[in-house]
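Novice: got a sequence here, can you build the structure:
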Amino acid sequence: MNIFKKIYRICMKKVSPIKFAKKVGVNFGVNFNIYGKIEWGTEPWIITIGNNVYLTDGIKFLTHDGGTLLFRSSVPDLEITKPIKIGNNVYIGNNVILLPGISIGDNCIIGAGSVVSKSIPSNCVAAGVPASKIKTIDEYFNKISNESLHVGNLKGKKKDDELKKIYGYNKKNSIY
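Specialist: So this is what the prediction gives:
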């Protein structure tokens, strides 16, 4: 790839990550949100993402198994490439790795730093290495409802000001 194409791809990926995803062939529904840098792998056209999905910084989609290279002298056409499917109403935390052939069901949360090596069923929260179900989505909702600070509807400075009140922020003692 020439230098201008590389620069263009880097800029587009950063400035308009959703347009970049579409350009490289990722299939996605409505209300698709990207917060940070996503690595789409070498076969992004076999990635399917549903509606109302939130992807955060550092997520990596791996659609093939590079380990096959070790055996190509014995089996020259050896190849493991599999699609990745993400359902509707899914949140994937920072630095998650999604391995070939997995699917994540509807109404799921994948915890930060997880490695998803097996499919995750609908209606659950999964985390860990390898990722596994840690609770139902209903259990998670009940927990966060009880712990909520009730400022999620606020934006920008209003939200910051309210959080400063809640946590007793004192400007005199801060370097910010």
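Novice: please make it C-alpha for all contacts and neighbour counts, starting now.
Specialist: Fine.
Novice: would you map the strands across this structure?
Specialist: 27-28, 32-35, 38-39, 47-49, 53-56, 59-61, 84-86, 90-92, 97-98, 103-104, 108-110, 115-116, 124-127, 132-136 (DSSP state E).
Novice: ok, now how distant is the closest residue to Phe20 other than its chain neighbours from Phe141?
Specialist: In space, and not counting its chain neighbours, Phe20 is closest to Lys13: 5.4 Å by CA to CA, 6 or more residues apart in numbering. Distance, Lys13 to Phe141, using CA to CA, to the nearest Å: 33 Å.
Novice: repeat for Cys11
Specialist: With CA to CA as the criterion, Cys11 and Phe141 are 37 Å apart.
Novice: one step back: who's more crowded, Lys13 and Phe141?
Specialist: Between Lys13 and Phe141, counting by other CA atoms under 10 Å, Lys13 is the more crowded of the two (19 against 11).
Novice: residue contacts, the more buried one?
Specialist: 19-21, 37 (CA atoms under 8 Å, 6 or more residues apart in numbering).
Novice: with Ile109 instead?
Specialist: 90-93, 124-126, 137.
Novice: equivalent analysis for Val24, please.
Specialist: Applying CA under 8 Å, 6+ apart, the residues near Val24 are 44-45.
Novice: buried sites along the lowest-mean-pLDDT helix or strand in the chain?
Specialist: Within the chain, no helix or strand scores below helix 3-15, which has a mean of 81 by mean pLDDT, DSSP states H and E. Across helix 3-15, burial judged by 16 or more other CA atoms under 10 Å covers 12-13.
Novice: so, low pLDDT: which residues of this protein?
Specialist: 1, 173-176 (pLDDT under 70).
Novice: again, 80 this time
Specialist: For the chain, the stretches with pLDDT under 80 are 1, 8-10, 171-176.
Novice: so how far is Leu98 from Lys6?
Specialist: Taken as CA to CA, the span from Lys6 to Leu98 is 25 Å.
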